[in-house]
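Q: quick one, what's the 3D model for this:
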Amino acid sequence: MELIIYSPTYTPRSQYVFRQCFEVLHPLNWRTIRDLDTYLKAEGVKINYSNAAQDPHELWIEPAGLLAAGDIASVKPIVKWEQGLPWFFGETGSDFPGDVFSQIFYLLSRYEEYLPFKPDRHNRFTAANSLAQAEGFLHIPVVEHWLLLLRKKIVARFPGFDWPLPSYEFVSTVDIDRAFSMQYLENWRYLAGIARDLLGFRFVHLYKRWKAWFEVFEDPYFTIPSILEWHKEAEIKCRYFFLVADYGKHDINNPVTSPIMRSLIRMLCGHQDFGMHPSYASNTDPERISIEKKRVEDFGKIIVEHSRQHFLMLRFPQTYRSLMAAGIKHDHSMGYADNVGFRAGISRPYQWYDLEEETSKDFWVHPFAAMDVTLRSYLKLKPAQAEEKMTQLREQCLAVGGHFCILWHNSSFFAAEGWKGWGEVYERVVKRK
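A: Coordinates of the predicted model:
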């Protein structure tokens, strides 16, 4: 049975939303019809996306106007809660409390991030700026909940319609900003590290540094073997994002000239999903992305199409345009540093829509729900509290058949730097899946 959408106003925005809903997130046999007579004569499951009801058997969703627009207006949605979900476009004259398609577009396009906002010290859009945090639904993958409600109403009205439910998936990702804390550094960084430890009376660091000089596995950041073993035991794959930048204030990775770094990248590329970690500096000098991408490709003998922004430095539309220009097709930065949850209201990958150009791109956005640094440094949670927070997010993803994706760092296991107990949390979360 075919899904038919009556939409007399045909726009790039509306077609983008329909494709994400009925091809990417819930693959169905569907088409749109603009002519009313053709729609009324058609047979199938009917969704009427117009200003008035037309067919007694249809599901009617009244447009709020956002998908018909062609500009970026200063929109300030007013949120109401019904059926346990937020609604912020449209009234209750149709079969829904609001315009579900406009709401999905608003969140997926990151509409609010194109409007003026107060950035943090890294010039980022924060969770504190978002409608989702302000209205209390940041922790809910609302896009998927809205689609499941749409499915429920359609299946109730058209019992013979086959609408398969999506499957839950756990996704682990690890950022390697610096593979070694105390080994494989330039001489001046060795000496600077010793000086900092002495002046700060950091005797644990000095002891670790001394041991690491004689045995690489004593380096507190070199946790990759343990991470690989946990993933093997849990029978999951992990995607690694490697920083291979030139040294800078925020790019303090091990030097790319080191043979051990090249060997490590080559080893991980051999049996793991792999991506690059564009440098902090690349945000003001986008040409660095191509240079760093080529480094990873040369070291790993692979083609790199996945990346995650260092420091989650994500600005619309500049960041994604720069990544596309360098040949990147998948970005994994869709999450916040200052809070956990679903930045775009969704847990699963989707296509990017360039709001300035008003066009859908062949570029995929991969959201994540929680980051280790967020849990410890921003939210000030203890390990047990962080594990409970991730359990709650996991349950949200389970409820909608979503993807529960977490972001961890290889450096987030060093007790002397405040990470005591966090390694055990990561191990349990990975094995629980």
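Q: every contact and neighbour count from this point should use C-alpha atoms.
A: Noted.
Q: point out where the stretch 51-200 of the chain drops to low pLDDT.
A: 91-93, 182, 184-195, 197 (pLDDT under 70).
Q: K80 contacts F89, doesn't it?
A: No: counting by Cα atoms under 8 Å, K80 sits too far from F89 to count as a contact (9.4 Å).
Q: more neighbours, those two?
A: Taking neighbours as other Cα atoms under 10 Å, K80 and F89 compare with F89 leading, 23 against 13.
Q: the more buried one reaches D99, doesn't it?
A: Yes: if you go by Cα under 8 Å, F89 and D99 touch, sitting 5.3 Å apart.
Q: so what sits against both of those two?
A: Listed as contacting both F89 and D99 by Cα atoms under 8 Å, 6 or more residues apart in numbering are A64.
Q: can you name every helix or strand that the helix or strand containing T38 contacts?
A: Per DSSP states H and E: T38 is located in helix 36-41. Helices and strands touching helix 36-41, by 3 or more Cα pairs under 8 Å, 6 or more residues apart in numbering; DSSP states H and E, are strand 3-6.
Q: could I get the strand it packs on in PDB with only the CA atoms?
A: C-alpha atoms of strand 3-6 as PDB (Å, rounded to 0.1, in the frame of the first residue of the first chain):
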ATOM      1  CA  LEU A   3       1.700   6.500   1.300                       C
ATOM      2  CA  ILE A   4       0.300   9.500  -0.500                       C
ATOM      3  CA  ILE A   5       0.900  13.100   0.700                       C
ATOM      4  CA  TYR A   6      -1.300  15.900  -0.600                       C
END
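Q: so in this structure, which helix runs the longest?
A: The single longest helix within the chain, with elements called by DSSP state H, is helix 383-400.
Q: centre of the chain to that helix, how far?
A: Averaging C-alpha positions (Cα atoms, centre = their mean, to the nearest Å) puts helix 383-400 16 Å from its chain's average.
Q: and that helix, what's buried?
A: P383, A386, E387, K389, M390, T391, L393, R394, Q396, C397, L398, V400 (16 or more other Cα atoms under 10 Å).
Q: and the pLDDT at the second one?
A: Confidence at A386, expressed as pLDDT, is 98.
Q: any idea how far the nearest residue to it once chain neighbours are set aside lies from Q385?
A: Among residues not flanking A386 along the chain, L375 sits closest, at 5.9 Å (Cα to Cα, 6 or more residues apart in numbering). When distance is defined by Cα to Cα, to the nearest Å, L375 is 9 Å away from Q385.
Q: ok, now A73?
A: 40 Å.
Q: show me what contacts the residue nearest the centre of the chain?
A: Geometric centre of the chain, nearest residue: P367, 1.7 Å, by Cα atoms, centre = their mean. Taking Cα under 8 Å, 6+ apart, we find P367 in contact with H332, S333, M334, G335, F342, R343, A344, I346, S347, R348, P349, C405.
Q: ok, the residue nearest to M313 when sequence neighbours are not counted - contacts?
A: Leaving out its chain neighbours, the residue that sits closest to M313 by Cα to Cα, 6+ apart is R124, at 6.3 Å. Taking Cα under 8 Å, 6+ apart, we find R124 in contact with M313, L314, R315.
Q: again, 10 Å this time
A: Shown in contact with R124 (Cα atoms under 10 Å, 6 or more residues apart in numbering): E113, F117, K118, F311, L312, M313, L314, R315, Y336, A337.
Q: cool, Y240 as well?
A: By Cα under 10 Å, 6+ apart, the contact list for Y240 reads 172-176, 265, 268-269, 272-277, 306-308, 407-410.
Q: ok, now with 7 Å
A: Y240 makes contact with T173, V174, D175, D273, F274, G275, according to Cα atoms under 7 Å, 6 or more residues apart in numbering.
Q: out of the contacts of P367, name the ones that lie in strands.
A: Under the assignment DSSP state E, the contacts of P367 contribute H332, S333, M334, C405 to strands.
Q: backbone dihedrals for the residue nearest to the second one when sequence neighbours are not counted, please?
A: Taking Cα to Cα, 6+ apart as the measure, S333 lies nearest to R308, with 5.1 Å between them; neighbours along the chain are not counted. Main-chain torsions, R308, degrees, to the nearest 10: phi -140, psi 130.
Q: circling back: most widely separated two among the contacts of R124?
A: Spanning the widest gap among those are F117 and F311, at 18.7 Å by Cα to Cα.
Q: contacting residues for the nearest residue to T359 once chain neighbours are set aside?
A: Nearest non-adjacent residue to T359, counting by Cα to Cα, 6+ apart: Y353, 5.8 Å away. Each residue near Y353 by Cα under 7 Å, 6+ apart is listed here: S109, T359, S360, K361.
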